[in-house]
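Asker: show me the folded form of this:
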Amino acid sequence: MATGRLVEVYLDLLSQPCRAVQILLSCNRLPHTVRTVALRKGENQTPEFTKLNPMQKVPVMVDNSFVLTESDAILKYLVTKYNLPEHWYPRQPERRARVDEYTAWHHTHTRPHTAKVFILEVLVPRLSGSAVDQDKVGRALSELGGTLDRLESMFLRRQPFLCGDDITVADLLAVCELMQPLAGGRDVLQDRPQLQRWKSRVQSAVGESFDHAHSVLYAIRDRNKAKL
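Answerer: The predicted model follows:
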């Protein structure tokens, strides 16, 4: 897995996809350098960063002169380029297709539905100074509930991870999204024992990398608790 030159990743660990990239790099001990981009300070809108990624989004990876955006692509590239353990993104076509199946679904279901709860309960009140709109939150939680149902019935079924018997990049993308509402004190898996067991398996598989990547999120949760 020698790189010759360190992989650089531009991250804000309050971002769900950034955490997924950080966990993959850390738990596989792939040498890398983190360049922090604080979204709340607008550092993604500077001329320097915009030149790197005109979409002004994180994560971004730079591997020598190769620049790649989008977490899904970055995760799969790192596994393939640096020959990380095959279970992360299997070479066997059917098993790989299962990962691609989930990650394609993820971007129109798990990601937007979970993020909406976080936006309504944390971001909007913080930016606007207004109270949480409980009606909107209720509708968002209903949408998310349908997504959680599908995670259990379609993807997990009777297998330990979303795409089979071992952890893949799909599990990283999903778990990081489902952690996000914790910033507002909401555990969306509280009444979902099947998903709770899956989350515990993911945590065990990646070790201390999980809590390290989520330390910023935990800090926001704890500050919000202290205000109550």
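Asker: could you list the buried residues of the longest helix along the chain?
Answerer: When the chain is parsed with DSSP state H, its longest helix is helix 134-150. For helix 134-150, burial by neighbour count (16 or more other CB atoms under 10 Å) applies to Val137, Ala140, Leu141, Leu144, Thr147, Leu148. Quick note: C-beta positions are derived from backbone N, CA and C, even for glycine.
Asker: ok, the first one to Ala174 distance?
Answerer: To Ala174, Val137 is 21 Å away according to CB to CB, to the nearest Å.
Asker: what do you get for Glu101?
Answerer: Going from Glu101 to Ala174 by CB to CB gives 13 Å.
Asker: which segments of the chain make up each domain?
Answerer: 7-86, 93-227 (automatic domain parsing).
Asker: what about the longest one, start to end distance?
Answerer: To tie it back to what came earlier, the one meant is domain 93-227. Using CA to CA, to the nearest Å, the end-to-end distance of domain 93-227 comes out at 51 Å.
Asker: then the shortest one?
Answerer: Counting by CA to CA, you get 20 Å between the two ends of domain 7-86.
Asker: centre of the chain to it, how far?
Answerer: In terms of CA atoms, centre = their mean, to the nearest Å, the centre of domain 7-86 is set 12 Å apart from its chain centre.
Asker: mean confidence for it?
Answerer: Domain 7-86 carries an average pLDDT of 97.
Asker: got a list of contacts for the longest helix of the chain?
Answerer: Helix 134-150 is contacted by residues His109, Thr110, His113, Thr114, Lys116, Val117, Leu120, Glu121, Val188, Leu189, Arg192, Leu195 when judged by CB atoms under 8 Å, 6 or more residues apart in numbering.
Asker: do the same with stretch 90-103
Answerer: Applying CB under 8 Å, 6+ apart, the contact partners of stretch 90-103 are Asp72, Tyr89, Phe155, Leu162, Cys163, Gly164, Thr168, Val169, Ala170, Leu173, Ala174.
Asker: apply 10 Å and report the result again.
Answerer: 71-73, 75-76, 79-80, 86-89, 109-110, 151, 154-155, 159, 162-166, 168-171, 173-174 (CB atoms under 10 Å, 6 or more residues apart in numbering).
Asker: hmm, back to that, centre of the chain to the longest helix of the chain, how far?
Answerer: Per CA atoms, centre = their mean, the centroid offset for helix 134-150 relative to its chain is 19 Å.
Asker: most neighbours, which of the contacts of helix 134-150?
Answerer: Neighbour counts for the contacts of helix 134-150, by other CB atoms under 10 Å, peak at Thr110, which reaches 27 neighbours.
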